[in-house]
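Dropping the sequence and predicted coords here.
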Amino acid sequence: MVKILHTADLHIGEDIFSQYSTKAASERFNDIISSLDQIKNIALENDVDAVVIAGDVFNRIIPSGNSSYHFSRFLKQLLENRIHTIVVRGNHDRPYTEGTSELLKTYNILLSTKQEEYFHYLSKIENVVIEAKDGKRISFTALPYYPSELEFKDVESVEEAFQKSRVENRQEFMRKLKEESLRKVNELKNSAAADYHVLVAHVPILGAIPGSERIFYGSKYEIVYEVNEICRLPFDYIALGHFHVMQQIGLEKCWYSGSIFRLTFDESSYLDGREVSRSNKGIIFVSEDNGRLVPKPIYIKTRDLCVVHLNYSNPKITPLPQNVGEIVEYIAARCPIKEKSLPPCVKVFVKILDTQRKMLNEYKIRELLLEKGYLDIKFEIVTEQTEQVSLKTANMPVEEALKRYIESLQIDPQLKKQVLEESLKILKEVM
C-alpha cells in the first residue's frame, strides 16, 4: 500500500526568534527540533514510502550551521530507513541571484551513494518517479515558488525575465508565466509512467488562509493562482506549501499542510481565551485506498501562542485596574498553561488613553506572568489622545474651579475621588 507523508514550511532557523529573550529564543528553536522529531517518528511508525516537503526548509537562504545540522540529522534518519525525501524549492530556499548556490543542492554531494538514491531536491519545474515498497511507481512533479524570474519560453536568466516584465504589460506577462508553468506541469505528468501522480507546489492560492505568509500574499512579482487552476489539475494528490495554516483547498485531494510549529502570533492558539482550532499543527498522511490516494491530517504537539486584547480607552466603561494583579489574572485566564514543560508565549495588545499610559506598568505585569510560568510576554501598546476639556473658571471661586477641573479628567472614578480629596486638602492648607 502506497503511503506518503506531506509537510512543508519547516522554516528552520534561529533568526526567527530574535525578538525573544535569550532563554525564550533557545526554547523556540527547540520547538522546531521537537516538531521535526515528531514528524520523523510518524514517518517511521507508518513505514511511509516518501516524505514530501513542499518548500521552505530553512528560514534563510544561507542558514546557520546549527540549522543545517538539525535538518541533516532529520534527513539522515529518513534516508537510512529507505524513505524517499522529496524537497521542492520554496521562496525562502530561492537564491537571491543566478550566481548564488543553493545549499539544498549540496546534499546530493554529501550523501552516501545509498542515501543519495532516496533524496530528491526539485528546484525547478521537473519531476521524479520513485518505486514504493510494494513495487508501485509514484511520480512527483514540482511547481516551485517563483517571482517573475520564472523560466519560460525564450527566457534563460533572471535578468532577461525582469527585462521582459518591464517591457510587457505586467498582467499579461504574469498570465504568460502562469500559462507556461501549468503547461510544463501537465506535460511532465503525462510523460511519467507511474501508478500515482503527485503535484508538489509551493504557491499562493486565492481564497486560502495565508497565516504568517500574509505579507507575501499578492506581492508585486508573485504569481497567484486560482483554486481551480491548481486543485483541478489531473493529479491523484496535490501537496501544497507556502501558507502556514493547515487547510483543504477546493477538492479533497488538495491540501496545504501548514507550518510545523507556530511561527508568529498570527497563528495564535488562543485569541482572548477562545481556542483557535485552525492553528493546530501537523502533517497530511496520504495513503492508498481502493485505487486512490486519500489524505488525512495527523496533528503534533506544539507550543501555544496566545493573544490577549486589553482596552482601557474609555475609563467610564473599562477603567484601568489599580491592582496590577487583576490585569495579570485577566491575561492568565485567557491563556492557559496546559503543560508546564511547554509554557505558552503571550502577546498583549493594549489600547489606553495617553493620560493613563504611565499608570500601566507592563514591566511588572510581565514579571508576574513570567513567575506564573509563561515563556515570554510581549506588549503592543496604542495610546489614544485624551480629549482636552476647556473650562471657563476666571470668575469662579478657586475651590469650585478645582472641583470642575478634576471632574473633567478621564480617569478611574475611585482615583478621581482620591485626587479631589487630596487637592482640596492641599488647597485648604495653602489658603
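Thanks, I have the structure now.

contacts and neighbour counts: CA atoms only from here.
Noted.

ok, the spatially most central residue of the chain - contacts?
By C-alpha atoms, centre = their mean, the chain has its centre lying nearest to residue 212, at 3.4 Å. Neighbouring residues of residue 212 by C-alpha atoms under 8 Å, 6 or more residues apart in numbering: 243, 244, 263, 264, 266, 267.

Residue 407 now?
residue 416 are the contacts of residue 407 under C-alpha under 8 Å, 6+ apart.

Before we go further, it is sitting in a strand, right?
No. Assessed by DSSP: H, G, I helix; E, B strand; the rest coil, residue 407 does not belong to a strand; its assignment is helix.

now it: how far from residue 352?
Counting by C-alpha to C-alpha, to the nearest Å, the separation of residue 407 from residue 352 is 19 Å.

on that earlier part again, tell me which two in the contacts of residue 212 are the farthest apart.
Using C-alpha to C-alpha, the contacts of residue 212 span at most 12.8 Å, a distance reached by 243 and 264.

Between the two, which has more neighbouring residues?
Set residue 243 next to residue 264 and count neighbours by other C-alpha atoms under 10 Å: residue 243 wins out with 26 against 13.

excluding its backbone neighbours, what's nearest that one?
residue 210 (4.7 Å; C-alpha to C-alpha, 6 or more residues apart in numbering).

May I see the buried residues of the host helix or strand of residue 332?
Using DSSP states H and E, residue 332 sits in helix 324-333. Using 16 or more other C-alpha atoms under 10 Å as the test for burial, helix 324-333 gives 324, 327, 328, 331, 332.

In CSV, list those along with distance to residue 364.
Output for those, formatted as CSV (distance: C-alpha to C-alpha, whole Å):
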residue, distance to residue 364
324, 8
327, 10
328, 9
331, 13
332, 14
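
Just give me the closest of those to residue 4.
residue 332 (40.3 Å).

follow-up on the earlier one: I'd like to know which elements the helix or strand that the helix holding residue 332 is followed by is packed against.
Going down the chain from helix 324-333, the next helix or strand is strand 345-353, by DSSP H and E. If you count contacts as 3 or more C-alpha pairs under 8 Å, 6 or more residues apart in numbering; DSSP states H and E, strand 345-353 packs onto strand 305-312, strand 376-384.

Can you list the low-confidence ranges for the protein?
By pLDDT under 70, the low-scoring segments of the chain are 95-103, 105-113, 147-170, 213-221, 386-395, 410-412, 431.

Show me how it divides into domains.
3-299, 304-386, 389-431 (automatic domain parsing).

and among those, the most buried is which?
Most buried of the domains of the chain, by mean neighbour count (mean count of other C-alpha atoms under 10 Å): domain 3-299, with a mean of 19.

what does stretch 32-52 rub up against?
Contacts of stretch 32-52 (C-alpha under 8 Å, 6+ apart): 2-8, 10, 12, 70, 74, 77-78, 81-87, 132-133, 200, 239, 260-261, 282-283, 300-302.

rerun at 7 Å
For stretch 32-52, contacts defined as C-alpha atoms under 7 Å, 6 or more residues apart in numbering pick out 2-7, 12, 74, 83-87, 132-133, 260-261, 300.

again with stretch 64-84
Outside stretch 64-84, the residues touching it (C-alpha under 7 Å, 6+ apart) are 12, 13, 36, 40, 48, 49, 50, 51, 115, 118, 119.

now stretch 332-345
270, 272-273, 303-306, 308, 373-377.

which one's the longest helix in the chain?
helix 22-45 (DSSP state H).

from the chain's centre, how far out does it sit?
Offset of helix 22-45 from its chain centre (C-alpha atoms, centre = their mean, to the nearest Å): 15 Å.

Tell me which helix or strand comes right after that helix.
Note on helix 22-45: by DSSP H and E, the next helix or strand toward the C-terminus is strand 50-53.

Off-centre distance for that next one?
Computed by C-alpha atoms, centre = their mean, the chain-centroid distance of strand 50-53 equals 20 Å.

List the neighbouring strands of that strand plus their orientation.
strand 3-7 (parallel), strand 84-88 (parallel) (DSSP bridges).

Alpha carbons of that strand, as CSV, please.
Provided in CSV are the C-alpha atoms of strand 50-53 (Å, rounded to 0.1, in the frame of the first residue of the first chain):
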residue,chain,number,x,y,z
ALA,A,50,8.1,9.1,0.8
VAL,A,51,8.2,12.3,2.8
VAL,A,52,7.3,15.3,0.7
ILE,A,53,8.5,18.7,1.9
